[in-house]
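Engineer: below are the sequence and a predicted model for it; my questions follow.
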Amino acid sequence: MTTREEFRASLISFGERALKVRDHLKNEEATKVALILPFIALLGYDDRDPVEVAAEHAADFSEKYRNRVDYAILRNMEPIIAVECKGAGNGKKDDRGQLKSYFNACRTVKLGVLSDGYCYEFFVDSEEPNLMDDEPFLSLHAEELAKGRISESVLDALFGLTKVHFDPETIGDNARKSLTQRAFSDYLTAQFQEPSVEFTRFLLKENAIKHVRTQAIDAYRNIAKSAIDDVVTSNILRKLDIKDRQVAAPSPLMSQPAPPTPAQVRIEPETTAGELAAFENVRRRLAFLSAGDANLFERIDRIRYRDYQGKMAVFYELERKGRLLDICESKDGVVRYVFFDDEKGPVVDLASADARLIGLFRRRVDELSAE
């Protein structure tokens, strides 16, 4: 039986292969053979057994109108999963109609999959029995798989669709929970980034703070944002502390001294407490910003530094290719963060450059993962 981590590795390999072959797939049939059937096999179904995976399967409730899908996955000769295929890069929202017609016609079908080999959309009947939802409860993209961007929730959902674990009777309830969780997550993420007036008033009410004037609400919104940042950051740091006991803490890479010349003797840089505090500030901020992305969060432990005279270079895995920023501490103790991106100017308040920091970190992870 395949473990979750083995399944994750298989998904990443599949994503990498999909990116390599997609430009060579000229039509729908080529896409089926190269990508769709291998994906069905990845879920544990035997794509060579017509008793388990039936091609061009029809919903024969009517002799005149026979709704078909490209593949139906069968259990006890009854279709439980319907798969509709499109040519690579040609999947469109309008193509859901054919899958929906088949889904609605077959009462035993509990999962619909629409794919062009590169993107995969998964549908259930979470609102009304035997009526496929208009929107997918789960979506996959080969590019995300290839980069290892598979959150635990997505991995759990996919693992539950494999032959060994798939239960047609519970997939609808699980999808409802997934959709609700996603809606809550999106709402909370938006509120954590910029608390709305309504959310701030809710916090005020819960804390018995009354008679707040409209003119003062913006001040309370700022207080709410600071409180949220403190709570989220402290919880993240607690998780990182647990990790640090299992994984060695990031160690500096010692600078290689240049051969001295008669006119020049190298002075070894001294790592200051201010530089170390600034380095930990970078890690903490990235932990906060990547809390919803398991792939990025797990890679924070790979952030290192190398100290030079007058600056500390901070990078992901490789100093040259993974450079994130330099930490420069002036004599008066003021720390400036100099980013290695297209935008100019150092930053004193790291939190004011959240978009630059997380964007640069994600770019470095993607670049080094692609090598």
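Structural biologist: Perfect, thanks for sending it.
Engineer: run a quick neighbour tally on L131.
Structural biologist: 12 (other Cβ atoms under 10 Å). For glycine as for every other residue, the C-beta is placed from the backbone atoms N, C-alpha and C.
Engineer: from what I can see it touches N104, true?
Structural biologist: Yes - using Cβ atoms under 8 Å, L131 is in contact with N104, at 5.8 Å.
Engineer: what pairs with Y316 across the strands?
Structural biologist: Beta bridges link Y316 to I303, judged by DSSP bridges.
Engineer: from V113, how far out is it?
Structural biologist: 35 Å (Cβ to Cβ, to the nearest Å).
Engineer: same deal with S330?
Structural biologist: In terms of Cβ to Cβ, S330 sits 58 Å off from V113.
Engineer: P168 now?
Structural biologist: 14 Å.
Engineer: quick one, helices of this structure?
Structural biologist: 4-21, 28-31, 37-42, 96-105, 142-146, 152-159, 171-193, 197-206, 217-246, 273-289, 294-298, 354-369 (DSSP state H).
Engineer: between the ones you listed, which gets nearest to A58?
Structural biologist: Closest to A58 of the helices of the chain, according to Cβ to Cβ: helix 96-105, at 8.3 Å.
Engineer: if we can go back for a sec, ok, P168 and V113, which is more surrounded?
Structural biologist: Per other Cβ under 10 Å, whichever of P168 and V113 has more neighbours is V113, with 26 against 15.
Engineer: what's the spacing between the more buried one and E169?
Structural biologist: For V113 relative to E169 (Cβ to Cβ), the value is 18 Å.
Engineer: for A355, same thing?
Structural biologist: 44 Å.
Engineer: show me the chain divided up by domain.
Structural biologist: 4-180, 197-247, 249-257+267-371 (automatic domain parsing).
Engineer: among these, which gets the worst mean confidence?
Structural biologist: Between those, the one with the least mean pLDDT is domain 197-247; it has a mean of 76.
Engineer: need phi/psi at E270.
Structural biologist: phi -110, psi 120 (degrees, to the nearest 10).
Engineer: what is the burial count for it?
Structural biologist: E270, neighbours per other Cβ under 10 Å, totals 8.
Engineer: give me the spatial nearest neighbour of it, chain neighbours excluded.
Structural biologist: D307 (7.8 Å; Cβ to Cβ, 6 or more residues apart in numbering).
Engineer: swap in A370?
Structural biologist: A370 sits nearest to K147 (Cβ to Cβ, 6+ apart), 7.7 Å away.
Engineer: ok, the residue nearest to E270 - how many residues close by?
Structural biologist: Look at D307: counted by other Cβ under 10 Å, it has 21 neighbours.
Engineer: isn't it up against P269?
Structural biologist: Yes - at 4.5 Å, D307 and P269 qualify as touching, with contact defined as Cβ under 8 Å.
Engineer: list the buried residues for stretch 180-188?
Structural biologist: For stretch 180-188, burial by neighbour count (16 or more other Cβ atoms under 10 Å) applies to no residue.
Engineer: and stretch 303-319, by the same measure?
Structural biologist: Applying 16+ other Cβ under 10 Å to stretch 303-319 flags I303, R304, Y305, R306, D307, K311, M312, A313, V314, F315, Y316 as buried.
Engineer: from those, which is closest to L37?
Structural biologist: Y316 (37.0 Å).
Engineer: how close does the closest one get to D349?
Structural biologist: Distance from Y316 to D349, by Cβ to Cβ: 22 Å.
Engineer: pretty sure E16 sits against G148.
Structural biologist: No - using Cβ under 8 Å, E16 makes no contact with G148, being 9.8 Å away.
Engineer: more neighbours: which of the two?
Structural biologist: Higher neighbour count among E16 and G148: G148, with 19 against 16, using other Cβ under 10 Å.
Engineer: would you confirm that the more buried one contacts D293?
Structural biologist: No - in this structure, G148 is not within contact of D293 by Cβ under 8 Å, at 10.8 Å.
Engineer: re earlier: and the residue nearest to A370, what does it touch?
Structural biologist: G15, N295, V365, D366, S369, A370 (Cβ atoms under 8 Å, 6 or more residues apart in numbering).
Engineer: need those in JSON lines with distance to V282 and neighbour count, can you?
Structural biologist: Converted to JSON lines, the contacts of K147 look like this (distance: Cβ to Cβ, whole Å; neighbours: other Cβ atoms under 10 Å):
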{"residue": "G15", "distance to V282": "29", "neighbour count": "22"}
{"residue": "N295", "distance to V282": "18", "neighbour count": "17"}
{"residue": "V365", "distance to V282": "15", "neighbour count": "22"}
{"residue": "D366", "distance to V282": "19", "neighbour count": "15"}
{"residue": "S369", "distance to V282": "20", "neighbour count": "15"}
{"residue": "A370", "distance to V282": "23", "neighbour count": "10"}
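Engineer: make CSV out of those and add distance to G117.
Structural biologist: Below are the contacts of K147 laid out as CSV (distance: Cβ to Cβ, whole Å):
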residue, distance to G117
G15, 11
N295, 23
V365, 25
D366, 22
S369, 22
A370, 20
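Engineer: farthest-separated two in these?
Structural biologist: G15 and V365 (15.2 Å).
Engineer: ok, back up a step: and the residue nearest to E270, how close does it get to T272?
Structural biologist: 9 Å.
Engineer: please apply the same query to F340.
Structural biologist: F340 is 21 Å from T272, by Cβ to Cβ.
Engineer: cool, T3 as well?
Structural biologist: T3 is 46 Å from T272, by Cβ to Cβ.
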